[in-house]
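Colleague: below is the structure, and that's it, no one-letter string:
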């Protein structure tokens, strides 16, 4: 399967690109608004993978071209760029392509990090509102620490939560998640259940900041 | 230490009462609006503990009398009874007593369970607003499945998150939580960080309902 990581030069994009390229046979395409940056990062990922004995091709393109080539398109961009990015690639999405959103709206104040959803109710809902007809949206990979994900020496042993209204799209992403060693996909229901998942992201940061020796946290449901 | 469980006849109260009485030497007092019910439940807990070789006294009183006798008072009541209950026991709380709130505001709709905080921002904030001066509030034990907690044969191996603005009160509750086998207390910062913790409760239910073989879920940060 071809997976495009829009904003794939950023930290969560890097982690997903490396993990999929390392642990699976899916073809990873790095997207960026700047194609030069996409190509440079794709080369960097290839070098990292090659140093671990995994010689695979990682391509880098504009977001539009990356989305055009892939059947699964991951919006690895900050929450405030999600709507713009969907709009930019809208013509590149075909019916049946799957749009995946891992972003969560958070803000920081003196007390800590807090969930700060957009008016749509969640970033996931924002993506669903912006997505073209016939392109199902799946919320996934919201609660992964980017640094840990991008470090192929780091064990995961954690869960990721999936929400979607389209069962086939959810199953496609469940299999993609399951392909990453140490990541267990769990079903959290429909898109309407996204905000409680996104709210977990600031909580993970608060816990990491308040407990010695804990950082880059994930969670396991048990 | 004497711990009063107001609403200690309910399911989360039962679990905390049994676990503290079984695993620690703290004195557990069951509170209820109905003192007969409190005494009957306290007897039931004693019988359960005795059947496991643990002969300890568990008393049952009105919420007011239970709060009067204890230095840590746990509001094991439904979220919509939290303010009434604090008001009812207000004269029974002495300066330095610690008020613990485990309730989360959730609602159910066709999609699943959702976080539904009161206007104060969180149930924890509601308790802090209602608490008498000089009585610090600690949010804790929000994300525990009542049935699993009350089953002394069930292993926990999960975390509970603490929020408080008073470091001494937080440390008192941290030690109480740590006294329960298999429960790891983690610091999530100040009271302002409570809503992300409460929002985890509906998520745990959504995950349990959507994944075969998962029920009575807790979480581990890792």
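Modeller: Received the coordinates, thanks. Here the structure is a predicted model, which means the values were calculated and not measured. Residues are numbered from 1 along each chain as shown, chains lettered A, B, ... in the order given.
Colleague: close to chain B: what parts of chain A are there?
Modeller: Proximity of chain A to chain B (CB under 8 Å from any CB of the partner chain) is limited to residues A:109, A:111-115, A:157-158, A:161, A:186-190, A:192-193, A:195-197, A:199-200, A:202-204, A:206-207, A:209-211, A:214, A:217-222. For glycine as for every other residue, the C-beta is placed from the backbone atoms N, C-alpha and C.
Colleague: show the buried residues in these.
Modeller: When the residues of chain A next to chain B are checked for burial by 16 or more other CB atoms under 10 Å in any protein chain shown, the buried set is A:112-115, A:158, A:161, A:186-190, A:192-193, A:195-197, A:199-200, A:202-204, A:206-207, A:210-211, A:217-221.
Colleague: how many neighbours does the residue lying closest to residue A:10 once chain neighbours are set aside have?
Modeller: The shortest distance from residue A:10 to any non-neighbouring residue, by CB to CB, 6 or more residues apart in numbering or on different chains, is to residue A:76 (5.9 Å). Number of residues near residue A:76 (other CB atoms under 10 Å in any protein chain shown) recorded here: 28.
Colleague: can you list phi and psi of residue A:76 for me?
Modeller: phi -90, psi 50 (degrees, to the nearest 10).
Colleague: and it, how far is that from residue A:124?
Modeller: Per CB to CB, to the nearest Å, residue A:76 is found 14 Å from residue A:124.
Colleague: do the same with residue A:219
Modeller: Distance of residue A:219 to residue A:124, given as CB to CB: 18 Å.
Colleague: and residue A:134, by the same measure?
Modeller: Counting by CB to CB, the gap from residue A:134 to residue A:124 is 18 Å.
Colleague: neighbour count winner among those two?
Modeller: residue A:124 (33 against 10).
Colleague: right, and the more buried one touches residue A:198 too?
Modeller: Yes: counting by CB atoms under 8 Å, residue A:198 is a contact partner of residue A:124 at 6.9 Å.
Colleague: which neighbours do the two share?
Modeller: Taking CB atoms under 8 Å, 6 or more residues apart in numbering or on different chains as the contact rule, residue A:124 and residue A:198 both touch residue A:139.
Colleague: how about the helices in chain A?
Modeller: A:11-23, A:35-50, A:63-69, A:82-89, A:123-130, A:146-150, A:167-178, A:194-198, A:200-210 (DSSP state H).
Colleague: who are the packing partners of the fourth one?
Modeller: Here helix A:82-89 is seen to pack against helix A:63-69, strand A:72-75, helix A:123-130 when contacts are counted using 3 or more CB pairs under 8 Å, 6 or more residues apart in numbering or on different chains; DSSP states H and E.
Colleague: count of neighbours near the nearest residue to residue A:59 once chain neighbours are set aside?
Modeller: Leaving aside its sequence neighbours, residue A:59 sits nearest to residue A:29 (CB to CB, 6+ apart; 5.1 Å). Neighbour count for residue A:29, taken as other CB under 10 Å: 26.
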